[in-house]
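S.K.: Fold the following, please.
(one chain, ligands or ions: 1)
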Amino acid sequence: MWGARHVTVRFGATTALDDVGLDLPEGRVTSIVGGDGAGKTTLVRALLRRVPLDGGAADVPDLTEVGYQPSTSGVWPALSVRQNLEFAGVAYGMSAATIRERGDELLETAALTHATSRLGSELSGGMRQKLGFCMAMLHRPRLLLLDEPSTGVDPVSRVELWRLVTQAAARGTAVGMTTTYLDEAERASTVVALDAGTVLTAGDPTAVVHEVPGTVSATDHRPAGRRTWRRGTAFHTWTPPGETAPGDEITPDLEDALIALSLARTQEDHR
Ligand SMILES: Nc1ncnc2c1ncn2[C@@H]1O[C@H](COP(=O)(O)OP(=O)(O)OP(=O)(O)O)[C@@H](O)[C@H]1O
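M.R.: The predicted structure is shown next:
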């Protein structure tokens, strides 16, 4: 199984990753979530050996068998859709015929066939991310790493991107994907949540929700002296075990669960 084993990465005084473990099984989508600066991009870059490790190891196939889509999509703005694919294929040492054949197949699946002669700079955000995905998949990698492929992409294109990702996994590719959309993360086989460079929790999204200690409750006003988070018009609060919760207890979703687990950990740290 591919992944990261006890990976630590430091940038000067900043510890971006501290003893992080990550499993990326073949045929599965693993989503990596976490707030700004949690370490998602650094983890992907550590797997690609683009940052030096201060500890641990990255267990990945030969880099010629890894596909990578950077958060900037990786699409060259001055090249056409077709040329972008050719450029990516040549970089992987593929023949012109294979690039053409697999490129056509991927463009068809990504519903981009009509846009082959359009320049990268002329594509919508969603089309650009889908092309970036096709470029990362062209050489049929065993491991596919996607860094926030759906950020800034409209909901319809997000659904299409997700379909491409799950199809890649169904063909046996191990997929690791960072995302800030928890509804998307919830659909993955496994979610790995990073918090300040460490693994807050990892597992089946349903199991993660059941890990929350204490209760999550909802009120229509902000309860005094409590740390709350807004969900629509309601305020949600996490209450440690044995304490009285304000408002009505609710069943947390993944977003509630991750915030509650982070608050529970902060409380542990202060004890
Ligand atoms: N090249 C670098 N030099 C110095 N510090 C860095 C570098 N890259 C990342 N960091 C720091 O490491 C931490 C983790 O950053 P990283 O970009 O991995 O987080 P992230 O979860 O991907 O966040 P975001 O969603 O905001 O991109 C942050 O504190 C960041 O400032």
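
S.K.: Report the beta-bridge partners for the residue nearest the centre of the chain.
M.R.: With distances taken as Cα atoms, centre = their mean, Thr178 lies nearest the centre of the chain, 1.4 Å away. Counting by DSSP bridges, Thr178 forms beta bridges with Ile32, Asp147.

S.K.: Report the contact partners of it.
M.R.: Applying Cβ atoms under 8 Å, 6 or more residues apart in numbering, we find Thr178 in contact with 31-33, 40-41, 43-44, 71, 146-148. For the C-beta atoms, the positions are set from N, CA and C on the backbone; glycine is no exception.

S.K.: what's the offset of the helix or strand harbouring Gln83 from the middle of its chain?
M.R.: Using DSSP states H and E, Gln83 maps to helix 81-91. Chain-centre distance of helix 81-91: 25 Å, with Cα atoms, centre = their mean, to the nearest Å.

S.K.: packing partners for that helix?
M.R.: The helices and strands touching helix 81-91, judged by 3 or more Cβ pairs under 8 Å, 6 or more residues apart in numbering; DSSP states H and E, are helix 96-109, helix 125-137.

S.K.: most packed of the ones you listed?
M.R.: Among these, ranked by average contacts under mean count of other Cβ atoms under 10 Å, first place goes to helix 125-137 (a mean of 24).

S.K.: List of residues touching that one?
M.R.: Contact with helix 125-137 is made by 67-70, 73-75, 81, 84-85, 88, 103, 106-107, 110-112, 115, 120, 123, 144-146, 149-150, 152-154, 156-158, 160-161, 164-165, 168, 173, as judged by Cβ under 8 Å, 6+ apart.

S.K.: If you count neighbours, what's buried in the helix holding Gln83?
M.R.: Residues of helix 81-91 classed as buried under the neighbour-count rule (16 or more other Cβ atoms under 10 Å) are 81-82, 84-86, 88-89.

S.K.: cool, stretch 28-36 as well?
M.R.: 28-34.

S.K.: Give me the contacts around the helix holding Gln83.
M.R.: Taking Cβ under 8 Å, 6+ apart as the rule, helix 81-91 contacts 74-76, 79, 96, 98-99, 102-103, 106-107, 112, 115-118, 120, 123, 131, 134-136, 138-139.

S.K.: Apply 6 Å and report the result again.
M.R.: Outside helix 81-91, the residues that touch it by Cβ atoms under 6 Å, 6 or more residues apart in numbering are 75-76, 99, 103, 115-116, 118, 120, 131, 135, 138.

S.K.: Stretch 95-110 now?
M.R.: Residues outside stretch 95-110 that contact it (Cβ under 6 Å, 6+ apart): 85-86, 89, 113, 130, 134, 138, 164.

S.K.: Tell me the one of those residues nearest the ligand?
M.R.: Compare each of those with the ligand using Cβ to the nearest ligand atom and the shortest gap goes to Lys130, at 21.0 Å.
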